[in-house]
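Student: need a structure here:
(chains A and B)
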Number of protein chains: 2
Amino acid sequence: MRDFSNDHRWLSLNTATVRKQGDLVAIIEACARYGIRAIDPWRDQVAAVGLDRAVRAIKDAGLDLSGYCRGGMFTADSAHRSEARDDNRRAVDEAVALGAPCIVLVAGGLPQYSRPGSAASKDITAARNQVHDGIAEMLDYARQAKMPLAIEPLHPAYAADRACVNTTKHALDICDALDPGRTGAIGVALDVYHIWWDPELKSQIARAGKDRLLAFHVCDWLVPTKDILNDRGMMGDGVIDIKSVRAMVEAQGFAGYSEIEVFSNDWWTKPMDAVLTTCIERHRSVV
Amino acid sequence: MRDFSNDHRWLSLNTATVRKQGDLVAIIEACARYGIRAIDPWRDQVAAVGLDRAVRAIKDAGLDLSGYCRGGMFTADSAHRSEARDDNRRAVDEAVALGAPCIVLVAGGLPQYSRPGSAASKDITAARNQVHDGIAEMLDYARQAKMPLAIEPLHPAYAADRACVNTTKHALDICDALDPGRTGAIGVALDVYHIWWDPELKSQIARAGKDRLLAFHVCDWLVPTKDILNDRGMMGDGVIDIKSVRAMVEAQGFAGYSEIEVFSNDWWTKPMDAVLTTCIERHRSVV
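Tutor: Residues are numbered from 1 along each chain as shown, chains lettered A, B, ... in the order given. Next up, the predicted model:
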């Protein structure tokens, strides 16, 4: 396992972590100041400054990308399905322009939450079938663009409203069905927040292997968690044994960035510099 | 599948659903008024009125029990382990006195939350090993008393602070390890709230079979869920396709009560009669 205690060369910042403190250009400038070498930007943050300006700012700062957030939300009623498809194709095009190594996919939950306006449904099996078909369709497009897709299994608490792919096993089942040859076109993005509880975590990470491990995200699970979406913890403040999960992915040969993604009403109130210095300190001590 | 639309003979009330509206005796009297045939009382509610009085009130009302809540919280540091063991033995004795068909087990999460005062740990694998050992020890005692144990897998959102048994599969793995002969001494209590998201739900319920299906609980998953413990929905108000889960357990021969357990800061503010009439109506229409 790599030693992170002496520097933060393998720290990447998911830009949602400081989305309330500044726009993408301000975040990129702050990363440059703190010697952070990589980011994973969100589509809305890119759109807010304009794609061309985002591309230029990333290039000027010499930043690497560890992913692009996010594609997905495949579940929709028939009236909203082409919207979902076209939206995901645009995400691929943007990711190519930005030079991202992969697009992180959040599958979508029930259609009424995934694509608002869709007819309400309680059929999670149907939603999962749609996700499978939606990823298959997007993969055709992404393969042409040579843009890998990274399915992110989300915590089961999000099954209804954000993603009905809730285990690493389910995400890998989709990968194996759509890419049995393990070509590198599709894999998983694993965030400790979503997967730390899974009793099959170690065996599924071993099953994934290096070629399916496209991204690794860290934050922490707080007790109590006051808001299921936006009360994620800074690494070290919660109950996740982060180093043990990193050991699992690195045992498979994963050698990429450890991406910090903290959605937190608490941390969003703090100055950008305070957040980044804490990220760096915790990356070295507890990640 | 049984037709629940014409009566509520298979409705059982978990008494936590109206715990703020009255003591156990008041709840029993209300159940009698509404023709509710069964309850699942909590230990603290029994203790508050006294075990003997609880036994008498249940008998006088002619009530059935669908379970006794709850045993468990097996995870503890070494200084608190005998406390956990003794506490669970008392739970067995009480369940026998009450004539319960099973004790519902909530496994416990990390030791510092399961048995307060225990040394803090982030080792969920160690916690799971302790749960296995703790259930094995309790099972020896419960077998003597002919009191079945029903392991309740809890939603992964509770993995840290309430239960590190988070899937039906994991609960059944414990059952199979401790009771390979399927003697009826141990099984599972399945609550739709905890398991509805599981992509392996149908296959694991089939694996359980009738002899492992000791209890079936219903409520609903609200979107948004404002409080992960105490914002459970009344059946029909959320996103769970409850009938489809009931169909799965009944396909295995489960013919017991459908137990309503709603932990809800919202419903706890309403009069007992309003809650019970709603429970009966929803039991007939959406369960």
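
Student: What's the local residue count around A:G238?
Tutor: As a burial measure, A:G238 scores 20 neighbours (other CB atoms under 10 Å in any protein chain shown). Every C-beta, even on glycine, is put in place using the N, C-alpha and C of the backbone.

Student: Give me the secondary structure label for it.
Tutor: Following DSSP: H, G, I helix; E, B strand; the rest coil, we place A:G238 in the coil state.

Student: what's the answer for the one 5 residues further on, then?
Tutor: Under three-state DSSP, A:K243 falls in the helix class.

Student: show me where the stretch 51-200 of chain A has helices.
Tutor: Shown for the stretch 51-200 of chain A, the helices assigned by DSSP state H, counting those that start in this stretch span residues A:51-60, A:81-98, A:111-114, A:124-144, A:168-178, A:192-195.

Student: Compile the ones you listed into JSON lines and extend it with columns for distance to chain B.
Tutor: Formatted as JSON lines, those follow (distance: least, CB to the nearest CB, whole Å):
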{"stretch": "helix A:51-60", "distance to chain B": "31"}
{"stretch": "helix A:81-98", "distance to chain B": "19"}
{"stretch": "helix A:111-114", "distance to chain B": "7"}
{"stretch": "helix A:124-144", "distance to chain B": "7"}
{"stretch": "helix A:168-178", "distance to chain B": "5"}
{"stretch": "helix A:192-195", "distance to chain B": "9"}
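
Student: Dump those into CSV; add mean pLDDT and mean neighbour count as well.
Tutor: Below are those laid out as CSV (pLDDT from 0 to 100; neighbours: other CB atoms under 10 Å in any protein chain shown):
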stretch, mean pLDDT, mean neighbour count
helix A:51-60, 98, 16
helix A:81-98, 97, 18
helix A:111-114, 98, 24
helix A:124-144, 98, 19
helix A:168-178, 98, 20
helix A:192-195, 98, 25
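
Student: any chance of these in TSV, plus distance to B:W10?
Tutor: Conversion of these to TSV gives the following (distance: least, CB to CB, whole Å):
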stretch	distance to B:W10
helix A:51-60	59
helix A:81-98	40
helix A:111-114	31
helix A:124-144	25
helix A:168-178	33
helix A:192-195	37
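
Student: So which of the ones you listed is nearest B:R53?
Tutor: Closest to B:R53 of those is helix A:124-144 (CB to CB; 44.0 Å).

Student: Relative to A:G236, how far out is the residue nearest the centre of chain A?
Tutor: Nearest residue to the geometric centre of chain A (CA atoms, centre = their mean): A:V104, 4.8 Å. Using CB to CB, to the nearest Å, A:V104 is found at 24 Å from A:G236.

Student: before we move on, back to that, list the contacts for the residue nearest to the centre of chain A?
Tutor: Listed by CB atoms under 8 Å, 6 or more residues apart in numbering or on different chains, the contact set of A:V104 reads A:40, A:67-71, A:150, A:152, A:189, A:215.

Student: Can you say which of the helices of the stretch 51-200 of chain A is nearest to B:L98?
Tutor: Closest among these, once you apply CB to CB, is helix A:124-144, at 36.6 Å.

Student: Contacts for that closest one, please.
Tutor: If you take CB under 8 Å, 6+ apart as the criterion, helix A:124-144 is touched by A:71-72, A:74-76, A:84-85, A:88-89, A:92, A:103, A:105, A:107-111, A:114, A:121, A:148-149, A:151, A:159-160, A:164-165, A:170, A:174, A:177-179, A:185-186, B:196-197, B:199, B:241.

Student: Just the buried subset of the residues you listed, written out for ChimeraX, thanks.
Tutor: Filtering the contacts of helix A:124-144 down to the buried ones (16 or more other CB atoms under 10 Å in any protein chain shown) takes a single ChimeraX command:
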select /A:71,72,74,75,76,84,85,88,89,92,103,105,107,108,109,110,111,114,121,148,149,151,159,160,164,165,170,174,178,179,185,186 /B:196,197,199,241
